[in-house]
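*Asks:* The following block contains a protein sequence and its predicted model.
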Number of protein chains: 2
Amino acid sequence: MTEMSGGSSRGGGLVGRIGIGLQLDAIHMKILQVLRENGRISVAALAERVGISRASAYTRFEALRADGVIKRFTAEVDHVRAGLGITALVFVTVRQQMWKQFRAQLAQMPEVEYCAITTGQHDAMIQIRMADVAGVHALVTERLAGIPAVKATETVFILDEVLKRPYVLPSDRTPRQQSRRPSAEPTTPDSGVPLGKMRFVGAAEGRAEMRGEP
Amino acid sequence: MTEMSGGSSRGGGLVGRIGIGLQLDAIHMKILQVLRENGRISVAALAERVGISRASAYTRFEALRADGVIKRFTAEVDHVRAGLGITALVFVTVRQQMWKQFRAQLAQMPEVEYCAITTGQHDAMIQIRMADVAGVHALVTERLAGIPAVKATETVFILDEVLKRPYVLPSDRTPRQQSRRPSAEPTTPDSGVPLGKMRFVGAAEGRAEMRGEP
DNA sequence: GTTGAAATTAGTACGAA
DNA sequence: TTCGTACTAATTTCAAC
């Protein structure tokens, strides 16, 4: 292996994607499980840990890659050690019909590690990494707020990242949870939880056409 | 490796960590840059792309790993393809002095991909991956709300993940941004931004001793 | 920190079960 | 399909410079 292909999930997104392609079985899941914990494991070692032959491991490995189930391999870096010790979340309210522009602007901000469009009070949440607190302030006030598509922002700082899992898979579930039938009634089985403890926040009004691609 | 990182950030967190160990130079950064984009590249190819010899690349690579700058290598999996097409954020208000318990409970919930302690209105934000919307509801009402440490939750759904960068590094910055001096005045240089467009949210009162470790 | 050569391992291409 | 094996190419290790 010399190089590696780039990712393929250009503008897919979470919603409205249909699961065509490769049907994943238990062995595929096991491969993903191993690979997400150790992305640099050799295919030979992978085969052994999964319990299949080397040849099969190569075939499945390639299939998972080609099919986009595995999007890419990456190294997790300690941000503090790398000089970006400050992490913040910025909740953004986006002006209607300016999503395309918003996305385009984000693509040009390398300090943005993650951006998700959400339901609830705000329209998007972005996570940024900075060297210092002043940098966060500068980014939000100078660059984010300067985007016409941005109507308002709300910033919170991350004090500690308690956990970050490589990637959640259905196989991580216990058998009980795994076999949860969606059933006809999505309502909660009684569990003695005090009422009013939790709250689900729906989307704001007029947020239908946000799926424009940059 | 099951829980957080195998590395050193056991209870370190983001705040108050001192950058001991290996001093990173420009070549280290370049290595990280390549590795975060392609975690499976061979060290030989890495050496070529960075412009150093094979042996140096091995040495530096190992040093970065051993020092915890590189926490791990992982495969990024397409959640939809893997059967977890629903992503949600749950903002949690945690009862004072029950952080330890809260963390311990989270560690036992494999569907939680990420958890960060934040300033602002809520105390923590967790990201969960589920097969369906009912699963989110079930998790929040049955399991999260059942934790005594959890005072209240607020859930929003992620409609689309616009971008997810492998990992942000200082070298991603343009020279202009990179050389930002924190200076003595952390206030915003005038940039013609409409006032009142952004808002910084500080921590709630009485959140001093949240750094208790599980 | 670099080069080069040896040992090891990875990736591929077959048939056979 | 999956497995086992053999073959070729590449990588890692370790030496000396």
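*Replies:* That came in fine, so what should we check first?
*Asks:* switch to C-alpha atoms for all contacts and neighbour counts from now on
*Replies:* Fine.
*Asks:* which bits of chain A sit near DNA strand D?
*Replies:* With the criterion set to CA under 7 Å from any atom of the strand, chain A comes near DNA strand D through A:1-2, A:51-57, A:59-60.
*Asks:* what two of these are the furthest from one another?
*Replies:* Put simply, by CA to CA the two of those set farthest apart are A:2 and A:51, 26.5 Å from each other.
*Asks:* so where is chain A shaky, pLDDT-wise?
*Replies:* Across chain A, the ranges flagged by pLDDT under 70 are A:1-20, A:167, A:173-196, A:203-214.
*Asks:* Where do the strands of it begin and end?
*Replies:* Using DSSP state E, the strands found in chain A span residues A:70-77, A:86-94, A:112-118, A:124-130, A:150-164, A:198-200.
*Asks:* which other helices and strands contact the fifth one?
*Replies:* Here strand A:150-164 is seen to pack against strand A:86-94, strand B:112-118, strand B:198-200 when contacts are counted using 3 or more CA pairs under 8 Å, 6 or more residues apart in numbering or on different chains; DSSP states H and E.
*Asks:* For the shortest one, which outside residues touch it?
*Replies:* The one in question is strand B:198-200. Under the criterion CA atoms under 8 Å, 6 or more residues apart in numbering or on different chains, residues A:140-141, A:145, A:152-156 lie in contact with strand B:198-200.
*Asks:* Give me the buried stretch members for it, please.
*Replies:* B:198-199 (16 or more other CA atoms under 10 Å in any protein chain shown).
*Asks:* sorry, back to before: of the strands of chain A, flag the one that's most buried.
*Replies:* Counting by mean count of other CA atoms under 10 Å in any protein chain shown, strand A:70-77 has the highest mean neighbour count of the strands of chain A, with a mean of 24.
*Asks:* Describe which strands that strand pairs with in its sheet and in which direction.
*Replies:* If you go by DSSP bridges, strand A:70-77 pairs up with strand B:70-77 (antiparallel).
*Asks:* Spell out whether the partner strand and DNA strand C are in contact.
*Replies:* No. Judged by CA under 7 Å from any atom of the strand, strand B:70-77 and DNA strand C are separated, with a smallest distance of 14.5 Å.
*Asks:* Now do that strand: everything it contacts.
*Replies:* For strand B:70-77, the surrounding residues in contact (CA under 8 Å, 6+ apart) are A:32, A:35-40, A:69-78, A:166-167, B:5-7, B:32, B:39, B:64-65.
*Asks:* Which strand residues bridge the nearest residue to residue A:106 once chain neighbours are set aside?
*Replies:* Nearest residue to residue A:106, sequence neighbours excluded (CA to CA, 6 or more residues apart in numbering or on different chains): residue A:112, at 7.2 Å. Here residue A:112 sits in beta bridges with residue A:128, going by DSSP bridges.
*Asks:* Pretty sure residue A:112 sits against residue A:128.
*Replies:* Yes. Residue A:112 lies in contact with residue A:128 (CA atoms under 8 Å); the separation is 4.5 Å.
*Asks:* Quick check: residue A:136 touching residue A:142?
*Replies:* No. Counting by CA under 8 Å, residue A:136 does not reach residue A:142; the two are 9.7 Å apart.
*Asks:* And those two? Which one has more around it.
*Replies:* Neighbours per residue (other CA atoms under 10 Å in any protein chain shown) separate residue A:136 from residue A:142, with residue A:136 holding more: 22 against 17.
*Asks:* In contact with the more buried one, which residues?
*Replies:* Going by CA under 8 Å, 6+ apart, residue A:136 touches A:88, A:128-130.
*Asks:* any chance of those in TSV, with distance to DNA strand C too?
*Replies:* Shown next, in TSV, are the contacts of residue A:136 (distance: CA to the nearest atom of the strand, whole Å):
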residue	distance to DNA strand C
A:88	34
A:128	31
A:129	28
A:130	27
